[in-house]
Structures are given as structure tokens and as C-alpha cells.
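Engineer: sharing a model prediction with you, sequence too.
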Amino acid sequence: MRLKRFLLLLLIFIFSVSIIFAMGSSEQAKPESGITESQPSQDQRVVPGTKEEVYYSFSGITKKVLPSVVELDVVEVVRQETTPFNFLNPFDFFFGGGRGGDNNNNNGKNGKTYREFERPGLGSGIIIKQDGDTVYVLTNSHVAGKADQITVKLSDGKKFEATKVGADDRMDLALVSFKCSEKVPVATFGDSDSLEVGDIVLAIGTPYGYESTVTMGIVSGLQRKSTGNISSYTDYIQTDASINPGNSGGALVNMKGEVVGINTWIATQSGGSVGLGFAIPSNNAKRIANDFITKGKVEYGWLGVSIDTVDENSYPDLRKDLGLGNKGGGLILGVFKDSPADKAGILPGDFITKINGTVISDSTQLTKVIGTIAPKEKAVFTLIRNKKEMTLSVVLEARDDEEKVQANHDVYPGFLAINIDEKMRTKGELGDIKGVMIVAVSQGTAAEQANLRAGDIIQEINDKPVTNMLEFYNALNDKSSKKMFQINRNGQKIIIGIVK
């Protein structure tokens with residue numbers, strides 16, 4: 001009984017003390033706002049080291065990469081011919097020239113009047129190297145390639161006037177530099193070949209002038225091809241990370257905080273992001289950047305051929321005639337005289353399937369692979385000729401600028417011929433005429449000068465019958481330098497000769 005009473009008194013005592021302490025601690029902890037707030041802890045966020053850590057935050061990645069991504073403000077001076085009689089538009093009349101200090105120049109050598117005005121632009125760039133006090137920034141050619149004034153704005157707000165080191169429209173990449181005596185953050189480039197569809201990526205740039213903007217998405221596709229007038233000298237990484245005007249030249253970043261792509265273009269009908277963004281792979285961009293720094297320009301390998309991808313609609317029965325099966329590759333349509341291809345023995349009708357062991361899927365990839373091979377470097381070409389596989393060693397040369405390339409018309413044979421299918425027979429009322437039809441003749445070539453025309457049906461070459469594309473290429477590529485073509489033109493037989 002005494003024990004029960006003692007235990008009861010002990011419980012009452014403990015309970016009373018607990019209430020007193022609880023009230024006291026509650027009174028001490030109660031803030032003025034009436035809301036309990038957690039104490040701030042030291043920021044320990046870092047680049048995620050495991051996949052599990054990725055789920056919590058991307059701030060560690062952005063802290064690492066953001067300082068190396070810059071804003072580029074550019075100005076291009078555009079020279080435009082004015083209207084006759086030097087009429088001024090109302091804006092020029094009242095305000096004395098256009099925005100940005102436009103200038104009228106009435107002293108054109110050809111008697112025409114020109115007007116200069118400034119066209120501003122905005123983009124992003126990535127700091128890729130600092131050599132002493134020279135800082136190099138990689139961006140797109142469509143951002144800075146034609147700029148006359150370039151201002152680089154760092155993430156901390158500092159601005160520097162920059163100069164163009166080089167620009168390459170083929171890859172849509174440009175390199176600019178500025179002087180800075182202080183150390184600046186330099187981006188780390190990753191291996192874009194290691195990317196897989198589904199990998200998480202961040203897009204960093206200055207969309208619509210909103211500097212240091214970060215968006216998140218995944219790799220939606222790899223080795224995407226360009227469309228329209230967008231560079232076909234590179235493939236692209238597709239992402240659904242939001243990319244908008246101003247993002248061009250910015251960084252596509254993996255979960256290690258490494259740059260794996262240079263954001264370049266979007267597919268859209270509205271002008272804004274719809275989740276179809278495309279970036280140049282970092283491995284492609286690194287070579288271009290190194291060429292700019294070491295040589296001041298980009299050098300591409302040149303083979304000296306005209307090529308195309310073979311599909312049944314454009315080239316009826318060609319795969320069957322040449323024994324190509326379902327293999328991917330690029331068809332040689334013509335060979336330029338004294339080119340690396342000509343010197344190595346590549347012929348019209350050859351079908352390139354591999355270069356240095358790299359499998360070629362189509363003519364676009366063939367162009368890309370050739371472009372990545374350095375001039376004077378030997379490359380091994382695997383090709384199909386006369387239904388047999390063979391290899392040739394080719395030493396590539398440096399590709400001239402596009403104007404010179406387009407001005408070269410010394411290509412053999414200088415025209416395109418295909419099999420006559422049933423649709424062509426019906427449409428042209430050709431009946432059972434045998435031969436192959438010329439469908440295009442290149443301007444300025446010997447074929448054009450000899451008066452070969454689209455619609456001509458080649459029935460013989462040097463007295464050898466031509467009834468399909470295999471016979472055509474075998475006769476076209478024989479050792480004789482002069483070729484005599486027996487042509488059926490609108491039912492009339494004529495002979496036309498060209499010299500290889």
C-alpha cells in the first residue's frame with residue numbers, strides 16, 4: 001500500500017516538472033511572428049555524385065556551369081541600296097537617319113546610293129579557354145559570324161569588348177575572344193558520344209535577354225539531321241529542354257556539369273520553344289574550336305565528288321542493277337578532275353559504304369565524315385563497284401571556300417542518268433525504248449557544252465549497248481578518254497561526244 005502511494009506521488013511530481021519545463025521551453029522558442037522557422041543550415045550542395053542525388057536538385061550543376069556561359073550582344077552593320085533619286089523615308093526626314101546612327105553614302109563606285117544601318121542581335125556563348133589574358137568564347141556563327149561589334153557579358157555583370165577569331169557557316173560555329181587579366185571560369189567539355197536517349201540535360205543561355213536562364217529536359221534523340229538551310233556538316237542532339245531565341249550558342253549540360261552540346265536551333269511554327277531543340281555535339285565542336293585557335297580557320301577534308309543517297313523513287317532499280325542490297329552509303333554521281341577522288345581511282349557509280357571503318361548510312365553522313373578528316377590525311381574507303389566490294393586509299397585535300405567549290409565545273413560526266421521506269425514510259429509515251437534517261441545536266445560542264453539535254457535517252461556508249469545502270473557505268477568508266485553517246489532524242493537518233 002505504501003509502495004503504491006509512493007509511486008503515485010512520484011508520477012505526480014514528474015508530470016508537474018514536465019509541464020513546467022514544457023511551458024518554459026515553449027515560451028522561449030516562440031518567435032515574434034508566431035510561426036516556427038527552421039534555422040538556416042550551411043549550403044552543402046554540390047554536383048550530384050550518384051543517380052539518387054540527381055533527384056534532389058540541379059543547383060550544384062548550375063553553380064558549376066553558369067559562370068562559364070556568357071551573354072553576347074552583337075551589332076551587324078548592314079549596307080543597303082537606297083531608292084532611286086535618293087528619296088528619304090519619313091523617319092529619316094524628320095529624325096535625320098535611322099536608329100543607331102545610320103549613314104547615307106552617296107559615293108558608290110557604280111553610281112548607286114547606299115545606306116548603312118546597325119542590326120542588333122543577342123545570343124549566348126561558352127568560355128572554353130583562357131590563355132594568359134586572352135579568353136576564348138565559343139558560339140554559333142549565326143550569332144557572331146557577321147557581327148561588326150561584339151560585347152561579352154559575364155554572369156557577374158562584367159562586360160568586355162570582343163573580337164572575332166573565326167567563323168564557319170558550314171558547322172554554324174564561331175569563336176570570339178576578349179582580354180581579361182583576371183581568371184575567369186572555363187567550361188568543361190564532356191564526351192557527347194556517351195549520351196543516350198533519356199539522359200537528363202540542362203540548357204543554359206540568355207533566351208529573350210533573360211541572362212543565366214536554366215531549363216531542364218532529356219535527350220530526346222541523337223544523330224538528328226538538319227532541315228532546310230541549317231548546317232548539314234554536323235548531326236544534332238535533340239532535347240526537350242526549353243530553347244528559345246537568345247539561347248543560340250549556349251550550353252547543353254549533362255549531370256556531371258560538362259558541356260555536351262552547343263544549343264543551335266529549334267523546330268517551331270510559333271517562333272518559341274515547343275520542345276524540339278537541337279544542339280551541336282561537343283565532340284564536333286571541339287575540333288572546330290581547336291582549328292580556330294591554332295589556325296584561325298577551319299579546314300575540311302575534300303574528296304572532290306558529287307554524291308547522293310539512293311532511294312527507289314529517285315533511282316528506280318539502281319540497287320538491283322549495282323548489287324547494293326539494303327546497304328547504306330553514298331552514290332558517286334560525278335568526279336572532279338584532278339581531285340583526290342580522281343587521283344585515287346574513285347569512279348562515277350561507286351557506292352561508298354565505309355570510311356576508315358565508319359559505316360556510312362547516306363550521302364549526308366558521307367559529307368560529315370569526309371569533313372572531319374584532316375587534309376593530307378590518308379583514309380580507307382570501302383565501296384561497291386560492279387557488284388563487288390573493294391577498298392581504296394585516298395589522301396584528302398583541303399576544301400576551298402564555297403564560292404570556289406561552286407565555280408568548279410570540271411566534273412565527269414556532268415549529268416545524271418537513271419533507269420526508265422513504267423511511270424516515265426507512260427508519261428513520255430516511250431513505248432519499249434531501251435536505255436537510260438538523262439534527267440539533269442550540270443551547268444558549265446563538258447556535257448552541257450556538248451548539248452546533252454535532260455530527256456535524252458542514252459542507248460549506247462562507244463558502241464556498247466546500255467540497257468540499265470550497270471551497263472551505263474561500265475561503259476562510262478572504260479579507259480578511253482573520249483566517249484561517244486548514241487542518243488534517242490524525241491525519236492531521233494543522234495551521236496554526241498564528250499572528252500573526259
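Structural biologist: Arrived safely. Residues are numbered from 1 along each chain as shown.
Engineer: all contacts plus neighbour counts: C-alpha atoms, from now on.
Structural biologist: OK.
Engineer: what residue ranges in the stretch 301-450 of the chain score low on pLDDT?
Structural biologist: 402-403, 405, 407 (pLDDT under 70).
Engineer: could you pull out the strands in the stretch 301-450 of the chain for me?
Structural biologist: For the stretch 301-450 of the chain, the strands defined by DSSP state E, counting those that start in this stretch occupy 301-302, 305-308, 330-336, 351-355, 358-359, 378-385, 388-395, 397-398, 411-412, 415-419, 436-441.
Engineer: kindly apply the preceding question to the stretch 151-300 of the chain instead.
Structural biologist: 159-168, 173-179, 200-205, 213-224, 236-239, 251-253, 259-266, 277-281.
Engineer: pick the most deeply packed of these.
Structural biologist: strand 251-253 (a mean of 31; mean count of other CA atoms under 10 Å).
Engineer: for Gly60, grab phi and psi.
Structural biologist: Torsion angles at Gly60 (phi, psi; degrees, to the nearest 10) stand at phi -60, psi -40.
Engineer: and it, how far from Met469?
Structural biologist: Per CA to CA, to the nearest Å, Gly60 is found 61 Å from Met469.
Engineer: neighbour count winner among the two?
Structural biologist: Met469 (25 against 17; other CA atoms under 10 Å).
Engineer: let me see the contact set for the more buried one.
Structural biologist: Neighbouring residues of Met469 by CA atoms under 8 Å, 6 or more residues apart in numbering: Leu318, Asp321, Leu322, Ile418, Asn419, Val436.
Engineer: quick check: the farthest pair among these?
Structural biologist: The span of the contacts of Met469, defined through CA to CA, is set by Leu322 and Val436 at 14.2 Å.
Engineer: who has more neighbours out of those two?
Structural biologist: With neighbours defined as other CA under 10 Å, Leu322 and Val436 compare such that Val436 has more, 25 against 21.
Engineer: OK, contacts around the more buried one?
Structural biologist: Val436 neighbours (CA under 8 Å, 6+ apart): Ala417, Ile418, Asn419, Ile420, Ile457, Ile458, Gln459, Val466, Thr467, Asn468, Met469, Phe472.
Engineer: name the nearest residue to the fifth one, sequence neighbours excluded.
Structural biologist: Closest residue to Ile457 apart from its sequence neighbours, by CA to CA, 6 or more residues apart in numbering: Met437 at 4.4 Å.
Engineer: count of neighbours near that neighbour?
Structural biologist: Met437, neighbours per other CA under 10 Å, totals 24.
Engineer: now do the contacts for it.
Structural biologist: Ala417, Ile418, Asn419, Ile420, Ala454, Gly455, Asp456, Ile457, Ile458.
Engineer: picking that back up, just put the contacts of Met469 in JSON lines and tack on distance to Thr445.
Structural biologist: Output for those, formatted as JSON lines (distance: CA to CA, whole Å):
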{"residue": "Leu318", "distance to Thr445": "24"}
{"residue": "Asp321", "distance to Thr445": "27"}
{"residue": "Leu322", "distance to Thr445": "26"}
{"residue": "Ile418", "distance to Thr445": "19"}
{"residue": "Asn419", "distance to Thr445": "22"}
{"residue": "Val436", "distance to Thr445": "20"}
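Engineer: now, which of the residues you listed sits nearest Glu377?
Structural biologist: Leu322 (29.6 Å).
Engineer: Glu389 is in contact with that closest one, correct?
Structural biologist: No. In this structure Leu322 lies outside contact range of Glu389 using CA atoms under 8 Å: 11.0 Å.
Engineer: how about the strands of the stretch 151-300 of the chain, which one is nearest Thr353?
Structural biologist: That would be strand 213-224 among those, by CA to CA, at 17.9 Å.
Engineer: contact partners of the closest one?
Structural biologist: 62, 195-207, 235-243.
Engineer: give the contact list for Leu175.
Structural biologist: Tyr136, Val137, Leu138, Thr139, Lys164, Val165, Gly166, Ala167, Ala289, Phe292.
Engineer: quick one: the third one is in a strand?
Structural biologist: So that's Leu138. Yes. Per DSSP: H, G, I helix; E, B strand; the rest coil, Leu138 lies within a strand segment.
Engineer: tell me the bridge partners for it.
Structural biologist: In this entry, Leu138 is beta-bridged to Ile126, Leu175, by DSSP bridges.
Engineer: can you get me a residue count around it?
Structural biologist: 31.
Engineer: ok, Lys183 next?
Structural biologist: 11.
Engineer: contacting residues for it?
Structural biologist: Here Lys183 is in contact with Gln130 (CA under 8 Å, 6+ apart).
Engineer: cool, and Gln486?
Structural biologist: Ile458, Gln459, Glu460, Ile461, Asp463, Lys493, Ile494, Ile495, Ile496.
Engineer: let me know the pLDDT of it.
Structural biologist: With respect to pLDDT, Gln486 has a value of 96.
Engineer: what pairs with the helix or strand containing it, and is each one parallel or antiparallel?
Structural biologist: Assigned by DSSP states H and E, Gln486 belongs to strand 482-489. Applying DSSP bridges to the sheet, strand 482-489 is found paired with strand 457-461 (antiparallel), strand 492-499 (antiparallel).
Engineer: keeping just the C-alphas, turn stretch 168-181 into PDB.
Structural biologist: Extracted as PDB, the C-alpha positions of stretch 168-181 are listed here (Å, rounded to 0.1, in the frame of the first residue of the first chain):
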ATOM      1  CA  ASP A 168      32.400  28.800 -90.000                       C
ATOM      2  CA  ASP A 169      28.900  28.700 -91.600                       C
ATOM      3  CA  ARG A 170      29.300  25.000 -92.600                       C
ATOM      4  CA  MET A 171      29.200  24.000 -88.900                       C
ATOM      5  CA  ASP A 172      27.400  27.200 -87.700                       C
ATOM      6  CA  LEU A 173      30.200  27.800 -85.100                       C
ATOM      7  CA  ALA A 174      32.200  30.900 -84.300                       C
ATOM      8  CA  LEU A 175      34.900  31.800 -81.900                       C
ATOM      9  CA  VAL A 176      35.400  35.200 -80.300                       C
ATOM     10  CA  SER A 177      38.000  36.500 -77.800                       C
ATOM     11  CA  PHE A 178      38.300  39.200 -75.200                       C
ATOM     12  CA  LYS A 179      41.100  40.500 -72.900                       C
ATOM     13  CA  CYS A 180      40.800  39.900 -69.200                       C
ATOM     14  CA  SER A 181      43.700  39.900 -66.700                       C
END
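Engineer: how far off centre is that stretch?
Structural biologist: Relative to its parent chain, stretch 168-181 has a centroid offset of 15 Å by CA atoms, centre = their mean, to the nearest Å.
Engineer: same question for stretch 336-346.
Structural biologist: With CA atoms, centre = their mean, you get 28 Å for stretch 336-346.
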